[in-house]
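*Asks:* Got a sequence here, can you model it:
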Amino acid sequence: MRTTVSIDDALLAEAKAAAVRTGRPLGAVVDDALRVLFNPGRAERATGGVRLPTDGGSGVRPGVDLEDKEQLADILGENEPPHAAG
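*Replies:* Below is the predicted model:
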């Protein structure tokens, strides 16, 4: 829907810069900003943006291939035989 609104010059400049940086129309940037303002959880789902918690670290351990499921299972100890009870 087309409408006319007054926007603070500094905010408009930031929105335009975000539009250029992300290669999206200004209207889409404004839409996303309003979604975040009115319903933050919905905005994350709508835009695909999800913030995952991290616990420090420096990334993947050298030599680990995230595409190799067997290697990952070995690292996580999931390929070890069950221990005998007794």
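*Asks:* Now the one helix or strand residue 36 maps to: average pLDDT?
*Replies:* In this structure, residue 36 is located in helix 26-38 according to DSSP states H and E. The average pLDDT within helix 26-38 is 91.
*Asks:* okay, that helix in CSV with CA atoms only?
*Replies:* The C-alpha coordinates for helix 26-38 follow below in CSV (Å, rounded to 0.1, in the frame of the first residue of the first chain):
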residue,chain,number,x,y,z
LEU,A,26,13.5,1.0,0.8
GLY,A,27,9.9,-0.1,1.4
ALA,A,28,11.1,-3.7,2.3
VAL,A,29,13.6,-2.3,4.8
VAL,A,30,10.8,-0.1,6.4
ASP,A,31,8.5,-3.1,6.4
ASP,A,32,11.0,-5.2,8.3
ALA,A,33,11.7,-2.4,10.8
LEU,A,34,8.0,-2.1,11.6
ARG,A,35,7.7,-5.9,12.0
VAL,A,36,10.5,-5.8,14.5
LEU,A,37,8.8,-3.0,16.4
PHE,A,38,5.4,-4.6,16.5
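*Asks:* any idea how far it is from the chain center?
*Replies:* Computed by Cα atoms, centre = their mean, to the nearest Å, the chain-centroid distance of helix 26-38 equals 16 Å.
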